[in-house]
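> build me a structure from this.
(chains A and B)
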Amino acid sequence: MSLGGEWYLALAAALFTIGAVGLLIRRNVLVMFMCVELMLNAVNLTFVTFSRMLDDIGGQSLVFFVLVVAAAEVVVGLGIIVSIFRRRAAATADDLHILKG
Amino acid sequence: MVLAMAPSLPGLLAAATSKVDLLVFVASAVIVLAGAIGVIVARNPVHSALMLVMTLFGIAVLFVAQEAHFLAAVQVIVYAGAIVVLFLFVIMLLGVDRQEAVDQDPLQGQRPTAIALGIIAFAQLIILGGTANWATGNLSTAGQAGGVGSNVEKLARSIFTRYLLPFEITSALLVIAVIGAVVLARKAPAEEGPV
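Presented below is the predicted three-dimensional model:
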């Protein structure tokens, strides 16, 4: 393994930024959720890269926990989205302004 | 004379390995970034989900390239196998696979502002990464990642000894998530008014 970790970190930064921009510019709730997954994956890549750079298995253990939490988050998030869509056929985040003051 | 001029075999092997590493990294990086951009520009949510699969596979390849074999397998099984299928099921059940009206901008100038903010954030991350001491500290405080032995064995030893309590707590988290999903997906009682 000879390729420096900086390349992986730069790629993870780019992936995180793309996810954040997607979260800001998209209106579809499902696509916004996918962008959150992109950001989570960027962080996972950072953890694995630092795990290799510091020769430390703790980073990989943390990625394992991030995966579990991401799975739980997707289950609950999609449940919320389904229950919202059941009550109102709104496709975008702009239509969900019930809490607007 | 010729033998003295020729590079040694380990050196040649190292050079070849580094070329292969670079090739794998560049190919996976292109796949990851193309998939990520595809997720945010595709108008159809189904296409976004398929692009997400592409990105996740690229990340799994990068995990393999960094000797995280178990996580690469879990990445493919959990993310590409379960989470994206869940996304596709929800898209199918809700029938929201209609095209998004991306031409109209409800909030004036939101899109250019978001892209500019993204570029600034990326530049800041790169500058901080290039100047700050982000990789200091002791090596292998939670156990070695490299060296002899398989990656699965080391990860299992770490999770089941040092991180045993967090691991047990994740089981509670998963149960809570399952119960929450069931409660959310249950048909609402008829006496409840529309929200």
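> now stretch B:187-195: mean pLDDT?
Averaging pLDDT along stretch B:187-195 gives 58.
> quick check: residue B:26 vs chain A, distance?
9 Å (Cβ to the nearest Cβ, to the nearest Å). Backbone N, C-alpha and C define where each C-beta goes, glycine included.
> who are the packing partners of the helix or strand that residue falls within?
Using DSSP states H and E, the element containing residue B:26 is helix B:9-41. Helices and strands touching helix B:9-41, by 3 or more Cβ pairs under 8 Å, 6 or more residues apart in numbering or on different chains; DSSP states H and E, are helix A:5-25, helix A:29-53, helix B:45-65.
> and the angle for the last one with helix B:9-41?
Angular relation of helix B:45-65 and helix B:9-41 on a 0 to 180 degree scale: 160 degrees, by axes from the mean of the first three to the mean of the last three Cα atoms, to 10 degrees.
> just the buried positions in helix B:45-65, please.
Within helix B:45-65, the residues that count as buried by 16 or more other Cβ atoms under 10 Å in any protein chain shown are B:45, B:47-65.
> same check on the longest one?
The neighbour-count check on helix A:29-53 (16+ other Cβ under 10 Å) flags A:29-53 as buried.
> what's the helix or strand that comes right after it packed up against?
Next helix or strand after helix A:29-53 toward the C-terminus (DSSP H and E): helix A:58-87. Judged by 3+ Cβ pairs under 8 Å, 6+ apart, helix A:58-87 is in contact with helix A:29-53, helix B:69-74, helix B:84-94, helix B:151-157, helix B:164-185.
> out of the helices and strands packed on helix B:9-41, which is closest to residue B:187?
helix A:29-53 (21.0 Å; Cβ to Cβ).
> now the closest one: mean pLDDT?
Regarding helix A:29-53, the rounded mean pLDDT is 93.
> any stretches of the chain with poor pLDDT?
Because you didn't say which chain, this covers chain A. A:1-2, A:89-91, A:101 (pLDDT under 70).
> that's the wrong chain, I wanted chain B
Chain B contains residues with pLDDT under 70 at B:1-11, B:96-106, B:133-136, B:188-195.
> could I get the contacting residues of the nearest residue to residue B:83 once chain neighbours are set aside?
Among residues not flanking residue B:83 along the chain, residue A:74 sits closest, at 5.1 Å (Cβ to Cβ, 6 or more residues apart in numbering or on different chains). Each residue near residue A:74 by Cβ atoms under 8 Å, 6 or more residues apart in numbering or on different chains is listed here: A:33, A:37, B:83, B:86, B:87.
> before we move on, the earlier item: of the helices and strands packed on helix A:58-87, which is nearest residue B:115?
That would be helix A:29-53 among the helices and strands packed on helix A:58-87, by Cβ to Cβ, at 13.8 Å.
> hmm, that closest one in reach of chain B?
Yes - judged by Cβ under 8 Å from any Cβ of the partner chain, helix A:29-53 and chain B are in contact via A:30-31, A:33-35, A:37-38, A:41, A:44-45, A:48-53.
> that helix to helix B:9-41, inter-axis angle?
160 degrees.
> three-state assignment of residue B:108?
coil (DSSP: H, G, I helix; E, B strand; the rest coil).
> need the phi and psi values for it.
phi -60, psi 130 (degrees, to the nearest 10).
> the one 5 residues further on now?
Backbone dihedrals for residue B:113, given as degrees, to the nearest 10, come out at phi -60, psi -40.
> that one and residue B:120, how far apart?
Going from residue B:113 to residue B:120 by Cβ to Cβ, to the nearest Å gives 11 Å.
> neighbours of residue B:149, just the number please.
By the criterion of other Cβ atoms under 10 Å in any protein chain shown, residue B:149 has 10 neighbours.
> in contact with residue B:150, which residues?
Applying Cβ under 8 Å, 6+ apart to residue B:150 gives the contacts residue B:69.
> let me redo that: residue A:31
A:22, B:39, B:40, B:42, B:45, B:48, B:100.
> separation between the nearest residue to residue B:31 once chain neighbours are set aside and residue A:22?
Nearest-residue entry for residue B:31: residue B:58, 3.8 Å, with adjacent residues in sequence omitted and distances by Cβ to Cβ, 6+ apart. Taking Cβ to Cβ as the criterion, residue B:58 is separated from residue A:22 by 16 Å.
> cool, residue B:127 as well?
23 Å.
> likewise for residue B:116?
In terms of Cβ to Cβ, residue B:116 sits 15 Å off from residue A:22.
> higher neighbour count, these two?
Set residue B:116 next to residue A:22 and count neighbours by other Cβ under 10 Å: residue A:22 wins out with 24 against 12.
> hmm, residue A:3 is touching residue B:23, no?
No - between residue A:3 and residue B:23 no contact is recorded; they are 10.0 Å apart, counting by Cβ atoms under 8 Å.
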